[in-house]
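Student: Below are the sequence and a predicted model; questions follow.
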Amino acid sequence: MPYIDLRQAPILQIIPGDTSDHPRLHEITADVRRHIVFLIRKNPATVGGIQTHNARLYSALSSNFDIERIGWNGPEWGVPFYFPLFYYRATRNGAGLVYCDDAVTSLIGSRIRAGSGKIVVATAHGLDVILPIPWYQKKLRKSLAAMDQIFCVSRATAERVKERGGRPDRIEVIPGAVEKNPIRLPRNDELFRDIEKMLGADLRGKKVLISVGRSVRRKGFDRFISEIFCHLPNDYIYIVISPKSTTPPWIQALRPLMSPSLYHNLLLASGAYSMHDDLVRQSSRNPRVFYLNNVSAHQRNMLLSAADLFIMPNRTVEGDMEGFGLVALEAASRGLPVIATGIEGITDAVIDGQNGYCIAENDNKGFIDAITGLMIDPPRLQELSLRAAEFTCSNFSQERIFGRYRQVFERLLSSTRRPV
């Protein structure tokens, strides 16, 4: 089928419990032990795992702490403007702890720590740690070494942080948390009729595989189509849901002044390094492949509810990495088992036999066998589906995951002496 851009629906997902449009919940109090500043470089109103994670963390901790959120809502080129804003506001209030939303924000976090004596912590996700820009990596080593605590979303991310000067005794691996009350729509004729109106194809009686994520090279959607999906029987359908990536105008304008490597790395940093055109071509040539952009939250839930398996066919890409795999949790929490490449942070999200299976990278036969083995055995697939939902919702619940953040925050705020 041709590539489909569902422009009648917004890209933005509504995150349960998100209060990103709300004003600050409380005024600054004298009790600095309960007052925290969140520095938000990645605006929750945009799309991505970092934004989703931090919006949920803020919402979960707002009942325990007096949180002031200082965010930047402008474009990526505004770094020179929002770092001074972060420093000025974070050093001049009564907060006892400053939380940096990613490794990039930790650059100014270390300055805040040195200039104010406040406790400063950060969450490291993946690409924000390994981004291959020399001056950034040089600055990052100093900032990571200065953090009072670094939360890493996976063991793979923690290793990258250690390689860059993060102190092992100040690193804690805490994975992402699944959304509350994931929506799983009834798989009935009404659902399939609505999907048929959307796609122009009837999925009833088909074996439906689905992937969700940015159309970047590390996701491996193009490779899955050309090397794996093409060997599956004709009753299989593959759906890829992706926000359409566009090159930020400021990067495009400055491209003539950049080296090819700097241009490439800035595209990586902005999330705009895209395989979009390749996926459009592949889907136009294969009537069993659907590549969808601008899918609303409801349409996404419809398609996930109609699918049989969630596919995460990542590949190793130099200068990029999958820090965790939040989309795998979103799928598994809906009872959709995950078949994924067992690399990087994915292995902390997909647990063999519990919510899916990890396959060795480049093991195309292993991918095919895992998919077909489940699809030809409905009782086994149903059993894994039930186990995936129960396991994921229990082990990656917001109460459990964000409770660990709360414990660390309380320990640091109650300490009489900050680490040197």
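Tutor: Yes, it's here.

Student: ok, and what's touching stretch 200-209?
Tutor: The list of residues contacting stretch 200-209 from outside it, by Cβ atoms under 8 Å, 6 or more residues apart in numbering, reads 1, 189, 192, 195-196, 229, 232-233, 235-239, 290, 306-311, 371, 375. Yep, even glycine has a C-beta here, placed from its N, CA and C like the rest.

Student: what about stretch 108-122, average pLDDT?
Tutor: The average pLDDT for stretch 108-122 rounds to 96.

Student: on that earlier part again, which ones among the contacts of stretch 200-209 are found in helices?
Tutor: Cross-referencing the contacts of stretch 200-209 against helices under DSSP state H gives 189, 192, 195-196, 306, 371, 375.

Student: Farthest pair within those residues?
Tutor: 189 and 371 (25.6 Å; Cβ to Cβ).

Student: How about the secondary structure of residue 203?
Tutor: Here residue 203 is recorded as coil under DSSP: H, G, I helix; E, B strand; the rest coil.

Student: got it, and residue 393?
Tutor: Of the three states, residue 393 takes helix under three-state DSSP.

Student: Could you pull up the residues touching it?
Tutor: Residue 393 sits in contact with 178, 182, 333, where contact means Cβ under 8 Å, 6+ apart.

Student: All the helices of the stretch 151-300 of the chain, residue numbers only.
Tutor: Under the criterion DSSP state H, counting those that start in this stretch, helices of the stretch 151-300 of the chain are mapped to 155-163, 189-199, 221-223, 249-254, 260-270, 276-285, 297-306.

Student: Could you pull up the mean pLDDT of the first one?
Tutor: The average of the pLDDT scores along helix 155-163 is 98.

Student: which of the residues in it are buried?
Tutor: Residues 156-161 are the ones in helix 155-163 that count as buried (16 or more other Cβ atoms under 10 Å).

Student: Which residue, neighbours along the chain excluded, lies closest to residue 340?
Tutor: Spatial nearest neighbour of residue 340, excluding adjacent residues (Cβ to Cβ, 6 or more residues apart in numbering): residue 312 at 3.6 Å.

Student: oh sorry, the question was meant for residue 375
Tutor: Using Cβ to Cβ, 6+ apart and skipping the chain neighbours, the partner closest in space to residue 375 is residue 207 (5.1 Å).

Student: Just the pLDDT at the one you found, thanks.
Tutor: On the pLDDT scale, residue 207 gets 98.

Student: repeat for the one 10 residues further on
Tutor: pLDDT, residue 217: 91.

Student: For it, the count of nearby residues, please.
Tutor: Around residue 217 there are 18 other residues, counting by other Cβ atoms under 10 Å.

Student: thought it was touching residue 313?
Tutor: No: applying Cβ atoms under 8 Å as the test, residue 217 and residue 313 come out as separate, 11.6 Å apart.

Student: which SS class is residue 67?
Tutor: Recorded secondary structure, residue 67: strand (three-state DSSP).

Student: correct me, but it touches residue 36?
Tutor: Yes: between residue 67 and residue 36 there is a contact under Cβ under 8 Å: 5.1 Å.

Student: Spell out which residues are contacts of both of the two.
Tutor: In terms of Cβ under 8 Å, 6+ apart, residue 67 and residue 36 are both contacted by the residues residue 61.

Student: So which residue is smack in the middle of the protein?
Tutor: Nearest to the geometric centre of the chain sits residue 49, at 2.2 Å (Cα atoms, centre = their mean).

Student: Give me the below-cutoff pLDDT ranges for the protein.
Tutor: The chain contains residues with pLDDT under 70 at 1-33, 42-47, 75-80, 245-255, 257, 263-273, 416-420.

Student: hang on, the earlier thing: just the closest of the contacts of residue 393 to residue 401, please.
Tutor: Checking the contacts of residue 393 against residue 401 with Cβ to Cβ, the nearest one is residue 178 at 8.3 Å.

Student: Determine the number of other residues adjacent to that closest one.
Tutor: When neighbours are counted by other Cβ under 10 Å, residue 178 registers 27.

Student: Quickly find the element holding residue 107.
Tutor: helix 106-116 (DSSP states H and E).

Student: For that helix, output the C-alpha coordinates as CSV.
Tutor: Written as CSV, here are the backbone C-alpha positions of helix 106-116 (Å, rounded to 0.1, in the frame of the first residue of the first chain):
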residue,chain,number,x,y,z
SER,A,106,23.5,18.3,32.9
LEU,A,107,26.0,20.6,31.3
ILE,A,108,24.3,23.5,32.9
GLY,A,109,23.4,21.4,35.9
SER,A,110,27.1,21.1,36.8
ARG,A,111,27.4,24.9,36.7
ILE,A,112,24.4,25.3,38.9
ARG,A,113,25.9,22.8,41.4
ALA,A,114,29.3,24.7,41.4
GLY,A,115,27.7,28.1,41.7
SER,A,116,24.9,27.5,44.2
